[in-house]
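# Structure for this input, please:
(chains A, B and C)
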Amino acid sequence: MESLQRTKFSAVQYKLENAPSFSVGKKFQLDDVIESQQFDRDILGAIFEVTLEMEKTEKDSLGSQILKGYLMATLFYELSTRTRLSFEFAMKRLGGEVLTTETTWEFSSVAKGETLEDTKRIIEGYSDIIVMWHFESGAAKRVAVTAGIPIINGGDGLGQHPTQALLDVYTIEREVGKLDGIKVGLVGDLANGRTVRSLAYLLAKYQDVKIFFVSPDAVKMKDDIKDHLTSKGVEWEESADLMEMASKCDVVYQTRIQKERFGERIDQYEEARGKYIVDQNVLDVMQKHAVVMHPLPRLDEIVVDVDWDPRAAYFRQAKNGQYIRMALLKLLLVGW
Amino acid sequence: MESLQRTKFSAVQYKLENAPSFSVGKKFQLDDVIESQQFDRDILGAIFEVTLEMEKTEKDSLGSQILKGYLMATLFYELSTRTRLSFEFAMKRLGGEVLTTETTWEFSSVAKGETLEDTKRIIEGYSDIIVMWHFESGAAKRVAVTAGIPIINGGDGLGQHPTQALLDVYTIEREVGKLDGIKVGLVGDLANGRTVRSLAYLLAKYQDVKIFFVSPDAVKMKDDIKDHLTSKGVEWEESADLMEMASKCDVVYQTRIQKERFGERIDQYEEARGKYIVDQNVLDVMQKHAVVMHPLPRLDEIVVDVDWDPRAAYFRQAKNGQYIRMALLKLLLVGW
Amino acid sequence: MESLQRTKFSAVQYKLENAPSFSVGKKFQLDDVIESQQFDRDILGAIFEVTLEMEKTEKDSLGSQILKGYLMATLFYELSTRTRLSFEFAMKRLGGEVLTTETTWEFSSVAKGETLEDTKRIIEGYSDIIVMWHFESGAAKRVAVTAGIPIINGGDGLGQHPTQALLDVYTIEREVGKLDGIKVGLVGDLANGRTVRSLAYLLAKYQDVKIFFVSPDAVKMKDDIKDHLTSKGVEWEESADLMEMASKCDVVYQTRIQKERFGERIDQYEEARGKYIVDQNVLDVMQKHAVVMHPLPRLDEIVVDVDWDPRAAYFRQAKNGQYIRMALLKLLLVGW
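Reported below is the predicted structural model:
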């Protein structure tokens, strides 16, 4: 169930600004959600359309029952309560049920030496869809190859976190109203943050995008992403001036400096951490329509006062994660 | 959502012995459940009436579906399996769904330094109501101030445990048939047990109540509660004679001597622990209509043989906790 | 609720090859599931008939709603994620709800010294049925004696694991098509594996069964089971030749050599572990209709290549565990 399949696309009209339309009469269904690379503009557009539907359903009522009778299992080899809860919420809001296995590494069977493949075969027997979170890059892909049911990669190691990438792009579209022609400033830990790496990757699928990188020297964006952007014709620029960048951008995407990446180098961490803070001064130079985003949790890289500004989009962004996950569950289990 | 609000009281007739009636045509709805102090006699009466309905529903059938589509999240910063299960049972019996987060302190986000306020904002996005359990006194109140959804304080630190207090008062009414004129003996660890402190506090709202304190010297009831009772005109008495007290009371409320409060002073703990035991001798002097209560878990402060006496009300008391929680969830989510 | 009760047996016709029929007009209902010994051929046959129904329901649809409104609590004093998930799956697929308490030993109440009996009385108030997993042999039986609701023994210490035994026998019947006249080879750790002990015990209820024991010297089948088989007229044989046994049997039942049983004796463990491996060579001598079973998890005692052979029945066997548990929940909660 590795590649995307499109059959029996429904008569629902799918339109996203500048997106080529799907041919009517085909059903759109996802097989697995493994990595950002699997999505093209059309598929992103289709997912976002279903996501918007979910957002409306959720706001108008207490969810729906379209996934009634379906069971989702969570197979988490690392603790990520927030991602797990977001998926459980999404499943339950659509009438589905959840088997929770948050601490899969404590499974007696795993502790006894069972392979990931065997564990997957068992859990697969307990559920209609599996959400995985594994410490090893590529684990979700490996599992999906032989799985008889859809697999969602909740996150794997330093590799992919595709649902975060989707919700980020969805949020930009919802908040700014467009993706083509967008100016996005990525701030903070750009070396280790898989969020900003995936986002840069996905933004490259749109037209006339410009990306600014603002980060302490110790955690600069790596060359692979820069090269990818260049190859796709995306303009990018490194900058040490948060204020100047903030005044130009549609989106200021702040991230947490991850202490755990610095090890013994506490000095470097403290220096990096204090360097680029989003506060009232930053808000003051930002455009009226621009927004501040953050994958959360945040420490003090966005000061709490910023929360009250309508341009503080990060809690709305977190909420969008639920609509994205509702949409993915629907597309994976019952299609469009 | 801090204060209690009463609007559009329904036509349901609300009567509790001696309670002033609510004006017909107003809906009764709770906003949050934070501390015992928020309840007056009227509100207690209204809650107990709904609780009695819940008890009947539960005994006649397999619950109802009045909370279908609603999601409750549990946000527990300390382990309290029993309280968590009781709330989950209550929610599920009313057709609602639960997102379980028993060990919130292990949240990756919390471990990374996220504030309680930010965690709340995220969890709030996942649910329609939050049950909190926090080690810090006042935490629930702090969270409720800014929450967009109802907050129930499952317990916070040495502070409040309001649902326990409610179920205790409800149990006394159910078992003895009245609250005014009641004689209650509080036994055991009166210094540290927040249960007995809250109970004393709530009982002061009723007429002609008399309270006896029977405790080892090391863990006597503190002056703040004694002063409060005095100020409210509640008669109270300290006694070293369990038997004499037991012969007079309607309720013998036993509590566990909490070893963890004694630290190194094991001798004192052992002495305190063995001093006041409820056994057959105590039952022999108790009146026929009187009952033994205990917040549970118990060690040997009530001997197991007592369980078989119909006056042993502690397991019924535990069960009442579920009806109380069902009533609160109903009142908080859909009102009366 | 200790003994089995049969009343108001429904008009459903119950037939199992060679089994005496139940009298029509009686309802078949289980009270508790505590140990393999409680089942006779008739009851096994009745359970398997319901299990087959469950298997069909599950394959034709997304389960049923026959347990809607019922709550199952899991009371696990040892971690057994797989068994817990299997029961939760079973309950949810039948429309029931679950209160999860996976790590009962961490209960604040248990940590404070509460007895198993008191904990049971509380949990019983939260649910309609309890699935227990306890480290102490006989714990489930002790609890069931006084429980007001059905108890299922998920496993207790080195004692019983009755649902595993039932699913094993069911799998043999489903895979081979008969139980009388069957030839079963038990391989691996026969001294410590309660699975093979229970299976041998249950097989003794059928006619003309022959059992082969193939195990390293350190972990041979104990005399109590051998004596029991002899007393029941079951033929058995110890063999050191896996290949010869495999060529004769209908079922090759492989088990994991349990490292934790060898303690310091790593050499013995390594020798025992490598001795009897099911691989292509074993498949080559097995009959076409014969199957390989394993209670899982497996390490390398069955090589992964064997998975692709249609005679590899162990993942189907694991799946049967769910149908068995669905059947038991139905029989315990609503009867036949």
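# burial count for A:Trp308?
7 (other Cβ atoms under 10 Å in any protein chain shown). Any C-beta I mention is one placed from the backbone N, CA and C, and that applies to glycine too.
# same question, A:Asp284
For A:Asp284, the neighbour count with other Cβ under 10 Å is 10.
# so it sits in a helix?
Yes: membership of A:Asp284 in a helix is supported by DSSP: H, G, I helix; E, B strand; the rest coil.
# Distance of it relative to A:Ser247?
Going from A:Asp284 to A:Ser247 by Cβ to Cβ, to the nearest Å gives 9 Å.
# near chain C, anything from the helix or strand hosting A:Arg82?
For A:Arg82, the element it lies in under DSSP states H and E is helix A:81-93. No: using Cβ under 8 Å from any Cβ of the partner chain, helix A:81-93 stays clear of chain C, coming no nearer than 11.7 Å.
# From start to finish, how long is stretch A:232-239 in a straight line?
21 Å (Cα to Cα, to the nearest Å).
# For it, give the mean pLDDT please.
The average pLDDT within stretch A:232-239 is 96.
# who does the helix or strand harbouring A:Gly185 touch, helix- and strand-wise?
Using DSSP H and E, the element containing A:Gly185 is strand A:183-187. Packed against strand A:183-187 by the contact rule (3 or more Cβ pairs under 8 Å, 6 or more residues apart in numbering or on different chains; DSSP states H and E) you find helix A:194-203, strand A:210-214, helix A:242-248, strand A:251-254.
# Return it as CSV; C-alpha atoms alone will do.
C-alpha atoms of strand A:183-187 as CSV (Å, rounded to 0.1, in the frame of the first residue of the first chain):
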residue,chain,number,x,y,z
LYS,A,183,6.9,34.9,1.9
VAL,A,184,7.8,32.7,4.9
GLY,A,185,10.5,33.3,7.5
LEU,A,186,11.7,30.2,9.3
VAL,A,187,13.3,31.1,12.7
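# and that strand, how far out from the chain's middle?
16 Å (Cα atoms, centre = their mean, to the nearest Å).
# residues in contact with A:Leu333?
Applying Cβ atoms under 8 Å, 6 or more residues apart in numbering or on different chains, we find A:Leu333 in contact with A:Leu67, A:Tyr70, A:Gly96, A:Asp128, A:Ile129, A:Pro150.
# Wait, the fifth one touches A:Gly148, no?
No: taking contacts as Cβ atoms under 8 Å, A:Ile129 lies outside contact range of A:Gly148: 11.0 Å.
# From A:Leu299, how far out is the nearest residue to A:Pro295 once chain neighbours are set aside?
Among residues not flanking A:Pro295 along the chain, A:Thr195 sits closest, at 4.6 Å (Cβ to Cβ, 6 or more residues apart in numbering or on different chains). Relative to A:Leu299, A:Thr195 is positioned 15 Å away (Cβ to Cβ).
# Those two: who's more crowded?
For A:Thr195 and A:Leu299, the more surrounded residue by other Cβ under 10 Å is A:Thr195, and the numbers stand at 23 against 14.
# Next one: the more buried one, what pLDDT does it get?
89.
# Can you name the residues of the stretch 1-150 of chain A sitting close to chain B?
A:61-63, A:79-82, A:85-86, A:88-89, A:92-93, A:100.
# Pull out the buried members of those residues.
Buried residues within the residues of the stretch 1-150 of chain A next to chain B, counting neighbours by 16 or more other Cβ atoms under 10 Å in any protein chain shown: A:Gly63, A:Leu79, A:Ser80, A:Thr81, A:Arg82, A:Leu85, A:Ser86, A:Glu88, A:Phe89, A:Lys92, A:Arg93, A:Thr100.
# from chain A, which residue is nearest to chain C?
Across chain A, the shortest distance to chain C (Cβ to the nearest Cβ) belongs to A:Gly69, at 3.2 Å.
# Help me confirm that that residue comes into contact with C:Ser64.
No: counting by Cβ under 8 Å, A:Gly69 stays clear of C:Ser64, with 9.3 Å between them.
# Now do the domain split for chain A, please.
Following automatic domain parsing, one finds the domains of chain A at A:2-160+A:322-334, A:162-317.
# for the first one, what is the average pLDDT?
Average pLDDT, domain A:2-160+A:322-334: 80.
# I'd like to know how many residues surround the spatially closest residue to A:Arg84 that is not a sequence neighbour.
Nearest in space to A:Arg84, with sequence neighbours left out and distances taken as Cβ to Cβ, 6+ apart, is A:Thr74 at 5.3 Å. The tally of other residues near A:Thr74 (other Cβ under 10 Å) stands at 26.
# A:Thr74 sits in which helix or strand?
strand A:71-76.
# just to revisit the earlier point, give me the number of neighbouring residues for the residue of chain A closest to chain C.
A:Gly69: 18 neighbours (other Cβ under 10 Å).
# Tell me how far the closest residue in space to it that isn't next to it in sequence lies from C:Asp208.
What sits nearest to A:Gly69 in space, not counting adjacent residues and going by Cβ to Cβ, 6+ apart, is C:Leu62, at 3.2 Å. Applying Cβ to Cβ, the value for C:Leu62 to C:Asp208 is 41 Å.
# repeat for A:Gly138
When A:Gly138 is compared with C:Asp208 (using Cβ to Cβ), they lie 52 Å apart.
# now swap in A:Gly45 and tell me
66 Å.
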